[in-house]
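A.B. asks: Can you look at this prediction? I've put the sequence above it.
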Amino acid sequence: MPARPSSPMIPLHGTALMGFPTIIRGSDVNNSTNLSPLTMAAAEFTMDQRDFEIYLECLRRVVGFPTLFTRPDQIEMAMAWCETFFASNLRDYRSYRDRNSNLIVCPLNLDPDQDVIYLSAHMDTVDADASEWDKPFLPFSLYEDAQQMVARGVSDCKAGIAFELFLARLAGMGKMKLSNLIFTITFKEEGPGMKSACAIGENFGHALPVSRQDTFFIVLENTMTVANPSIFSFYTAERGNFVIRVSDKIDRLQRILDHLAHWNPVSIRPDLEGPGSDCRIATQKGGHVCSVPRGQNILTRIIEQARANDLVWAGDESNFSVVPPKIYTGRSERPATHHLVISNRSFDTIEDVHAQLKGITYTEVKDFSISQGMNFDDVFSSHRLSRILKASQVPGLNICQTYNIGASDATIVTRCMAPEFKKRFYPIVMGPGTRSQRDKIPPRLTHGKNETFDKKSGEAGVEFLLSVLTALSCVDSKQWDEDSRGVKTPSHLRF
């Protein structure tokens, strides 16, 4: 990774210090024999627009940094700013970078006899083509109105980072006390190559503390669905993501694709320059590959119907999580070798995938050792927190447990950690960011055009997450004396 530059001195404008809601405790949800669901009607945690504005300001700040996974220098600038922000707001914490440049912010006094809760989100984003976005939206210039914020990364996963910054800010203002809560921001989650969360998994139980009770690893991905009422999803299982490249003539690739019935094509290119101006162009919505089944992916049909001398260009191997919005086709005098990248998003094991690929020459685009999914549904189903979440009754918000059709750092961490530390370890994926809205006009696609954070559902998600953390006893709104709040926040970080 590049050397860290100085933190950018970004003036924060137009937002004064604002009030914060009161947490009214109900019965003790930590007592497994006396469970109480989280019920907003009972006002465990209430939040008004002024409070939510603190969160939105955090989101605006982090979205202001472009952080393409192909540009570690960009990511570093944003990470350095966040590190300074945490240090300025959390007196009783220390922050450092691990060997993969992930940011770790850990309390100085952590009690291993109590539950330990990790919050995690990734800083990097996929790229974007501004020409594909609908006016007035642009990928790297934040659009905001009363209902939404639109920019690349605003939901995946900077809405999650903003939640971490939000908690730090509240603690720095003296409005919240944090207990046994660890913040992590991962450097690289998107694209091929190294996944920086591997270092977190490998450090569990060593440089990173685990509890003698329960350890929760909450990945703040975008799990809010815009609906009436909004849907807050949480996952303790997620599909794997095996990605390979196969290189051959079109007719042979067609047979391979037919044999690998649930592998989805994400990119293809021939060993020829192009596409030329005389090529035909087919278009589709694009977006995250996990939300576009193979049968609905136009690239599948174009490859299946191609003739021996056809040429096909689509997608980008480095963005293998994205279905290409444009497919170019042409003709050559003779059959050309093509390089096809296909993705298997399923609960298949590594052994399953090796069996499927027997007899096929391929290259792993993503390391198979971290490609298999995770499934903690059974072990989590008997946990008190699972019963609390499932019993929650929140006006205007449906709580739903399902599985993640994509993959997150939760899988990377669990695949890389030592087996002995998985006992009483619970990875949970849930966050305030908005999922793709493919049917909205114009479409709002997380890994495609017009990535959007919906404020109404996001506010409900933030409020519910605060109630969950309250139930886990890692946040408390108890006020303490002015003298105990620690150093003041520098002016360039103050809201």
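C.D. replies: That came in fine, so what should we check first?
A.B. asks: tell me the domain ranges of this structure?
C.D. replies: Split into domains by automatic domain parsing, the chain comes to 40-239+373-493, 242-366.
A.B. asks: Could you single out the most deeply buried of those?
C.D. replies: Neighbour counts (mean count of other Cβ atoms under 10 Å) averaged over each of those peak at domain 40-239+373-493, with a mean of 20. (Glycine included, C-beta is placed from N, CA and C.)
A.B. asks: Chain neighbours aside, what residue packs nearest to residue 176?
C.D. replies: residue 170 (4.1 Å; Cβ to Cβ, 6 or more residues apart in numbering).
A.B. asks: element containing the one you found?
C.D. replies: Using DSSP states H and E, residue 170 sits within helix 158-172.
A.B. asks: Can you list the strands that whichever helix or strand comes after that helix pairs with?
C.D. replies: Of the helices and strands lying after helix 158-172 in sequence (DSSP H and E), the nearest is strand 177-178. Take DSSP bridges as the rule and strand 177-178 pairs in its sheet with strand 475-476 (antiparallel).
A.B. asks: looking only at pLDDT, what's the mean for the partner strand?
C.D. replies: Averaging pLDDT along strand 475-476 yields 90.
A.B. asks: re the thing from before, counting contacts, what elements does the helix holding residue 170 pack onto?
C.D. replies: Contacts defined by 3 or more Cβ pairs under 8 Å, 6 or more residues apart in numbering; DSSP states H and E place helix 158-172 against helix 49-63, helix 72-89, strand 116-122, strand 177-178, strand 181-186, helix 455-471.
A.B. asks: that older thread, can you flag the weakest of the domains of the chain by average pLDDT?
C.D. replies: Among the domains of the chain, domain 40-239+373-493 has the lowest mean pLDDT, at a mean of 91.
A.B. asks: chain center to that one: distance?
C.D. replies: How far domain 40-239+373-493 lies from its chain's middle: 8 Å, per Cα atoms, centre = their mean, to the nearest Å.
A.B. asks: Renumber starting at 379 from here on
C.D. replies: Done: numbering now begins at 379, and the last item shifts to domain 418-617+751-871.
A.B. asks: ok, back up a step: what inclination does the helix holding residue 548 have with respect to strand 559-564?
C.D. replies: 140 degrees (axes from the mean of the first three to the mean of the last three Cα atoms, to 10 degrees).
A.B. asks: nearest to residue 598, of the helices and strands packed on helix 536-550?
C.D. replies: strand 494-500 (4.4 Å; Cβ to Cβ).
A.B. asks: List the neighbouring strands of the helix or strand that the closest one is followed by plus their orientation.
C.D. replies: Next in sequence after strand 494-500, counting helices and strands by DSSP H and E, comes strand 521-522. Using DSSP bridges, strand 521-522 pairs in its sheet with strand 526-528 (antiparallel).
A.B. asks: hmm, back to that, surely the residue nearest to residue 554 meets residue 555?
C.D. replies: No - counting by Cβ atoms under 8 Å, residue 548 does not reach residue 555; the two are 9.5 Å apart.
A.B. asks: one step back: just put the helices and strands packed on helix 536-550 in CSV and tack on distance to residue 792.
C.D. replies: Below are those laid out as CSV (distance: least, Cβ to Cβ, whole Å):
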stretch, distance to residue 792
helix 427-441, 26
helix 450-467, 23
strand 494-500, 12
strand 555-556, 25
strand 559-564, 14
helix 833-849, 20
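A.B. asks: quick one: which of the ones you listed is nearest residue 622?
C.D. replies: strand 494-500 (23.4 Å).
A.B. asks: packing partners for that closest one?
C.D. replies: Counting by 3+ Cβ pairs under 8 Å, 6+ apart, strand 494-500 packs on helix 536-550, strand 559-564, strand 593-597, helix 787-794.
A.B. asks: related to what we said a few turns ago, please export the C-alpha coordinates of the helix holding residue 548 as CSV.
C.D. replies: C-alpha atoms of helix 536-550 as CSV (Å, rounded to 0.1, in the frame of the first residue of the first chain):
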residue,chain,number,x,y,z
LYS,A,536,-20.2,4.2,2.9
ALA,A,537,-23.6,4.2,4.6
GLY,A,538,-22.1,1.6,6.9
ILE,A,539,-18.9,3.6,7.5
ALA,A,540,-21.1,6.7,8.2
PHE,A,541,-22.8,4.7,11.0
GLU,A,542,-19.5,4.0,12.6
LEU,A,543,-18.5,7.6,12.4
PHE,A,544,-21.9,8.6,13.7
LEU,A,545,-21.4,6.5,16.9
ALA,A,546,-17.9,7.9,17.4
ARG,A,547,-19.3,11.5,17.0
LEU,A,548,-22.1,10.9,19.5
ALA,A,549,-19.5,9.5,22.0
GLY,A,550,-17.3,12.5,21.3
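A.B. asks: That one vs strand 494-500, what angle?
C.D. replies: 130 degrees.
A.B. asks: got the CA positions of stretch 611-625 in CSV?
C.D. replies: Written as CSV, here are the backbone C-alpha positions of stretch 611-625 (Å, rounded to 0.1, in the frame of the first residue of the first chain):
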residue,chain,number,x,y,z
SER,A,611,-32.9,-7.5,6.3
PHE,A,612,-30.3,-9.3,8.3
TYR,A,613,-28.2,-12.3,7.2
THR,A,614,-26.2,-14.9,9.0
ALA,A,615,-25.7,-16.9,5.8
GLU,A,616,-24.4,-15.7,2.4
ARG,A,617,-23.7,-17.4,-0.9
GLY,A,618,-20.2,-18.0,-2.1
ASN,A,619,-18.7,-16.2,-5.1
PHE,A,620,-16.4,-18.4,-7.3
VAL,A,621,-15.1,-16.5,-10.3
ILE,A,622,-13.1,-18.1,-13.1
ARG,A,623,-11.7,-17.2,-16.6
VAL,A,624,-11.9,-19.7,-19.5
SER,A,625,-10.3,-19.0,-22.8
